[in-house]
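Undergrad: mind folding the following:
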Amino acid sequence: MNFKMDCVGKQEMERILQAVTKVLLAHPELMTGDSIGALVGGHGMLNLAGFCAANAIADEILKGIPLRVEALNQPAIEMDSVIEAGVLAAKQGGADPSNAALITAALCYIAGSNVRAGVPSGNRKLGALARMKAGAQRGAVAILPTPKANNKISGFPAVHEIYHHMMEGKLTQIDGKIIPPGVTGTPLCGHSTLGEDYIFPEIAQNAARVGTLAMMRAYAGAGLRPNPFISAIFGTAATLEIIHPDSPAPEEFGPSFQIFNYQLAGLAAAKAAGMPEEIHFRVTGERFKTGELIGDLGMILKDIGNPTVVGMIAFYEIFGCFAESGKIGTGGSGGPKTAPIGHVLADAALVLRTLALGGSIEQAIEVIVKNKEGFFDPEMASIEANTVARMVEGMRKGPVSGALRLATEKRTQGAIEARVKKTYEALRQGGRLGEVVESLVRERIDKVEVRGSEIMSRNFGKRVEIKVLRIEGGARRSNSRAQKIWVLDPAVDVVVRIDGEEILMRSFVSDFIPQAILQKDAKKLEAVAVVAPVVGELLVSGHTLVDLEVPAAVAVLLGVHSVEEAAKEVARSGVAISGGLPGCVQKARQVAQLALDAYGTG
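TA: Below you'll find the predicted structure:
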């Protein structure tokens with residue numbers, strides 16, 4: 001039977017749309033299968049704390065306060081108010097003192113602040129200022145954790161390697177045993193040829209190099225792909241705990257008092273890690289010299305205190321604002337793969353820097369919109385960001401979260417409207433709720449396959465075609481939880497064509513990947529590198545549940561199903577991706593009930 005919507009039908013659908021939209025936008029925590037409400041207290045991740053800090057920093061910037069660390073002969077400088085605001089907001093968002101300090105320092109830096117000024121009296125450093133304002137205790141690089149990447153390591157490998165080289169006399173040609181009394185610890189060394197031309201620059205470069213390489217070996221030994229970005233920062237920070245970081249480098253490295261030893265360490269570390277000389281800000285293409293970036297961040301990290309793993313994840317994600325993130329090892333929330341909802345923080349850096357450099361809210365919105373277009377699934381990435389922005393707005397409003405919400409509002413509302421219309425028309429024609437959900441899930445997978453193939457083709461310079469053949473749970477575990485919650489034990493079959501050559505990857509996650517690594521099969525490893533980001537996109541699909549919640553709510557409002565029936569049906573039908581996650585039945589039930597309440601009072 002053909003279905004043609006009449007005037008009454010349009011009015012009914014419009015009422016349903018209003019009810020469903022009202023519920024989902026008023027209760028952002030219901031938009032996701034993740035426990036985003038816990039993030040308000042800092043449990044699990046600190047991206048909400050990061051956005052709160054970004055809002056506070058942006059407010060200070062828009063008041064005209066300069067982001068400048070200065071060595072003034074006075075107890076306070078203007079920059080103090082910016083840092084205080086950022087730290088307070090981060091704490092309100094659930095960050096402890098050291099994590100609040102790290103997040104604030106990183107955001108101030110990406111907004112344009114310098115990291116140090118002055119030698120020696122009145123000396124100020126961005127990391128130390130943030131730590132002091134946060135009330136955090138001094139830490140040490142050896143016990144700092146790296147961001148979690150399944151496993152994690154600490155800065156100990158860098159410190160260990162540097163000190164071994166130090167004790168073996170391999171960091172500088174100067175043998176301290178024969179330095180006469182009265183030289184060490186005085187300007188005869190600290191501000192003269194001995195220190196400034198020999199000891200400091202030699203240790204800066206040699207220690208940063210060996211410390212960075214040690215971190216990369218440790219990553220590999222822990223079963224992790226070595227992270228160039230984090231390894232270089234830790235190698236630099238461990239070096240700066242030893243040398244006089246504020247001392248100017250010899251003129252062979254540049255004009256006097258323009259190049260300093262912390263920068264030499266950063267340059268050496270970046271080179272040792274194999275990083276490009278230059279990286280670029282997403283969308284704008286603004287250039288950053290990688291060595292200088294690493295030197296600056298190493299300076300921040302050595303002074304920051306004792307951040308925890310979640311603080312380090314937030315730090316890492318802030319720098320997902322670089323286009324080369326996937327190559328250099330910064331956070332992944334800048335794209336193209338949608339990050340888990342607790343990781344979304346690169347957007348804060350994109351907006352904050354735009355505003356800090358004099359851009360308008362409209363320009364910041366444009367930057368976000370353009371960046372989301374580069375994702376595997378721009379629609380879902382936008383909805384996820386909108387959810388995060390709305391959660392932040394309920395905690396600490398400001399221009400950063402406001403711009404992100406506005407940038408993603410149209411796509412979010414459009415996604416809800418499209419699903420209401422599709423479900424309404426299908427059910428009015430006698431279709432099943434389960435069929436609607438299955439169709440939406442298939443559309444989502446198809447989109448990721450097509451766009452993923454396009455993006456990976458560009459990234460690898462080859463023609464790539466990816467097709468997902470199977471997604472379900474219970475690949476290797478027999479318990480019912482693993483069977484139902486597919487992301488805990490994914491059974492995924494994929495076929496990929498690379499320049500026309502087809503590779504069938506049965507049990508991609510459970511068998512193909514470990515076999516390729518254990519066998520050291522170059523061909524299989526390349527195939528894994530091509531396919532992994534696309535499968536990874538689907539693995540985190542529970543960050544947004546509109547494909548389940550909207551159909552469930554429409555079915556209830558049309559009287560096709562009860563609230564309980566609709567929730568269970570959409571979860572069963574959507575098991576291929578979002579339906580196989582814990583809590584999806586509960587979220588669909590809540591949305592359907594609230595929509596029913598709103599519809600009745602509308």
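Undergrad: which secondary structure element contains I466?
TA: Using DSSP states H and E, the element containing I466 is strand 464-472.
Undergrad: make that K524, sorry
TA: Counting by DSSP H and E, K524 is part of helix 522-539.
Undergrad: name the residues of that helix that come out as buried.
TA: 524, 526-528, 530-539 (16 or more other CB atoms under 10 Å). Any C-beta I mention is one placed from the backbone N, CA and C, and that applies to glycine too.
Undergrad: which of those has the weakest pLDDT?
TA: Least confident of these in the model: L539, at 90.
Undergrad: that one is in contact with I485, isn't it?
TA: No - between L539 and I485 there is no contact under CB atoms under 8 Å: 11.6 Å.
Undergrad: let me have the buried residues of helix 522-539 in CSV, extended by distance to R432.
TA: Compiled in CSV, the buried residues of helix 522-539 are given as follows (distance: CB to CB, whole Å):
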residue, distance to R432
K524, 41
E526, 42
A527, 37
V528, 37
V530, 36
V531, 32
A532, 34
P533, 33
V534, 29
V535, 29
G536, 31
E537, 27
L538, 24
L539, 27
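Undergrad: nearest spatial neighbour of the residue nearest to the spatial centre of the chain, skipping sequence neighbours?
TA: Central residue of the chain (CA atoms, centre = their mean): E317, 3.0 Å from the mean position. The spatially closest residue to E317, leaving aside those adjacent along the chain, is G331, at 3.4 Å (CB to CB, 6 or more residues apart in numbering).
Undergrad: which SS state does the one you found fall under?
TA: coil (DSSP: H, G, I helix; E, B strand; the rest coil).
Undergrad: what values do phi and psi take at it?
TA: Torsion angles at G331 (phi, psi; degrees, to the nearest 10) stand at phi -60, psi 160.
Undergrad: same question, D377
TA: Taking degrees, to the nearest 10, you get phi -130, psi 90 for the backbone angles of D377.
Undergrad: state the distance from it to A238.
TA: With distances taken as CB to CB, to the nearest Å, D377 is found 40 Å from A238.
Undergrad: if you count surrounding residues, which of the two has more?
TA: Between D377 and A238, A238 has the larger neighbour count (other CB atoms under 10 Å), namely 34 against 23.
Undergrad: how far away from the center of its chain is the helix or strand hosting that one?
TA: A238 belongs to helix 228-240 when assigned by DSSP H and E. Taking CA atoms, centre = their mean, to the nearest Å, one finds helix 228-240 lying 19 Å from the centre of the chain it belongs to.
Undergrad: what about it, average pLDDT?
TA: 98.
Undergrad: can you list the neighbours in contact with stretch 214-221?
TA: 146, 153, 155, 157-158, 160-162, 225-228, 230-231, 234-235, 273 (CB atoms under 8 Å, 6 or more residues apart in numbering).
Undergrad: one more pass at 7 Å, please.
TA: Here stretch 214-221 makes contact (CB atoms under 7 Å, 6 or more residues apart in numbering) with 153, 157-158, 160-161, 225-227, 231, 234-235, 273.
Undergrad: now, which of those residues sits nearest K91?
TA: F234 (25.5 Å; CB to CB).
Undergrad: next one: the closest one from I503, what distance?
TA: Between F234 and I503 the computed distance is 37 Å (CB to CB).
Undergrad: of the two, who's got more company?
TA: F234 (34 against 17).
Undergrad: quick one: the closest residue to K462 other than its chain neighbours from A516, how far?
TA: The shortest distance from K462 to any non-neighbouring residue, by CB to CB, 6+ apart, is to D499 (4.9 Å). Applying CB to CB, the value for D499 to A516 is 19 Å.
Undergrad: look at those two and report which has more neighbours.
TA: Counted by other CB under 10 Å, D499 and A516 do not tie: A516 has more neighbours, with 20 against 11.
Undergrad: which ones are touching that one?
TA: Counted by CB under 7 Å, 6+ apart, A516 has contacts 524-525, 528.
Undergrad: where does pLDDT dip in the stretch 351-500 of the chain?
TA: Counting by pLDDT under 70, the low-confidence segments of the stretch 351-500 of the chain come to 480-484.
Undergrad: R442 - how many residues pack around it?
TA: 12.
Undergrad: give me the three-state assignment for it.
TA: helix.
Undergrad: ok, residues contacting the strand holding I466?
TA: Counting by CB under 7 Å, 6+ apart, 445, 449, 452-453, 456-457, 486, 491-498, 530-531, 534, 538, 576-577 sit against strand 464-472.
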